[in-house]
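Peer 1: can't give you the sequence, but here's the structure:
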């Protein structure tokens, strides 16, 4: 197929950033929202990009996640809003488990001024961030260190987390399918996340808009096992109904 200059530039923009909202693309290229939607729909139909509610991302694999450095900048503004919403909901003097992921790391930055926290984590980046909070005790799980993102996984990690029962288990996710299934890429990471769910009095899930309708290989859980979902854009069908039916509280971190 032949792309016009705007479509070629749009495709390159999304591939460079990894993610873009429809509003951002319309502003950047000086066209209407309808024009951008037609362009991205055509690119998605031809397998060049993947659509999700409110935006578009690079087409990704079901077996391998996007590189960590790219994920760090992917929808950074949306993740920052989610982090602020989560931080405002976390009470001082509570216990938490924080797992692997760039959104979770952003949440850790939002907790550096909280008092009286006890945080268990299998993420060395989270541990390093919260080390700057003198009023937060950080407990780091043992296991196999995954060098690409400093996550700690494996059976030793699972056994370590089984010692605890915390107030809040806060997890990230790679993909949420249309039936509410939560999925990720590494089965070792998934086993740790399942254990976090089992050993938390409340389970909070942080997922930006790009995670919805995104496929990954390993089933982690169902969204009905979550108590609160924090995201950065209003949910579209069928996710809004699934959460309502499951009794999951959805917190949308709107732009200020």
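Peer 2: In hand now; what should we look at? If you're wondering where the values come from, they're calculated on a predicted model, not measured in any experiment.
Peer 1: can you pull out the strands in the stretch 51-200 of the chain?
Peer 2: With DSSP state E, counting those that start in this stretch, the ranges of strands along the stretch 51-200 of the chain come out as 55-58, 95-98, 117-121, 136-140, 144-146, 151-153, 166-172, 175-176, 181-184, 200-206.
Peer 1: residues in contact with the first one?
Peer 2: Meaning strand 55-58. The contact list for strand 55-58, computed with C-beta atoms under 8 Å, 6 or more residues apart in numbering, reads 14-15, 18-22, 24-25, 40, 43-44, 49-50, 66, 74, 209-210, 214. For glycine as for every other residue, the C-beta is placed from the backbone atoms N, C-alpha and C.
Peer 1: hmm, 10 Å instead?
Peer 2: 10-11, 13-25, 36-37, 39-41, 43-44, 48-51, 66, 70, 74-75, 78, 208-211, 214, 233 (C-beta atoms under 10 Å, 6 or more residues apart in numbering).
Peer 1: Name the nearest residue to residue 41, sequence neighbours excluded.
Peer 2: residue 51 (7.0 Å; C-beta to C-beta, 6 or more residues apart in numbering).
Peer 1: Enumerate every residue touching that neighbour.
Peer 2: Per C-beta under 10 Å, 6+ apart, neighbours of residue 51: 22, 37, 40-41, 43-45, 57, 213.
Peer 1: So which of those residues belong to strands?
Peer 2: residue 57 (DSSP state E).
Peer 1: Mark which of the contacts of residue 51 are buried, thanks.
Peer 2: Buried members of the contacts of residue 51, counted by 16 or more other C-beta atoms under 10 Å: 22, 40, 43-44, 57, 213.
Peer 1: Rebuild these as JSON lines, extending it with distance to residue 157 and pLDDT.
Peer 2: As requested, the buried ones among the contacts of residue 51 are arranged in JSON lines below (distance: C-beta to C-beta, whole Å; pLDDT from 0 to 100):
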{"residue": "22", "distance to residue 157": "39", "pLDDT": "90"}
{"residue": "40", "distance to residue 157": "39", "pLDDT": "89"}
{"residue": "43", "distance to residue 157": "40", "pLDDT": "86"}
{"residue": "44", "distance to residue 157": "37", "pLDDT": "83"}
{"residue": "57", "distance to residue 157": "29", "pLDDT": "78"}
{"residue": "213", "distance to residue 157": "29", "pLDDT": "82"}
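Peer 1: quick one on the thing from earlier: make CSV from the contacts of residue 51 and add distance to residue 187 to it.
Peer 2: Listed next are these as CSV, based on distance: C-beta to C-beta, whole Å:
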residue, distance to residue 187
22, 34
37, 37
40, 33
41, 34
43, 32
44, 29
45, 32
57, 24
213, 22
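Peer 1: Go through the contacts of residue 51 and flag which are in helices.
Peer 2: In helices, judged by DSSP state H, the following of the contacts of residue 51 are found: 22, 37, 40-41, 43-45.
Peer 1: which among those gets closest to residue 220?
Peer 2: Comparing the ones in helices among the contacts of residue 51 against residue 220 with C-beta to C-beta places residue 44 closest, at 25.8 Å.
Peer 1: In this model residue 50 seems to touch that closest one, though I could be wrong.
Peer 2: Yes: Residue 44 lies in contact with residue 50 (C-beta atoms under 10 Å); the separation is 6.2 Å.
Peer 1: how about the buried ones among the contacts of residue 51 in TSV, adding distance to residue 104?
Peer 2: Compiled in TSV, these are given as follows (distance: C-beta to C-beta, whole Å):
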residue	distance to residue 104
22	27
40	29
43	31
44	29
57	19
213	21
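Peer 1: Could you identify the most distant pair in those residues?
Peer 2: Within the buried ones among the contacts of residue 51, two members stand farthest from each other by C-beta to C-beta: 43 and 213, at 16.0 Å.
Peer 1: ok, now how distant is residue 235 from residue 223?
Peer 2: Separation of residue 235 from residue 223 (C-beta to C-beta, to the nearest Å): 11 Å.
Peer 1: Find residues that contact each of the two.
Peer 2: Common neighbours of residue 235 and residue 223 (C-beta under 10 Å, 6+ apart) are 176, 229, 242-243, 250.
Peer 1: Cool, thanks, talk later.
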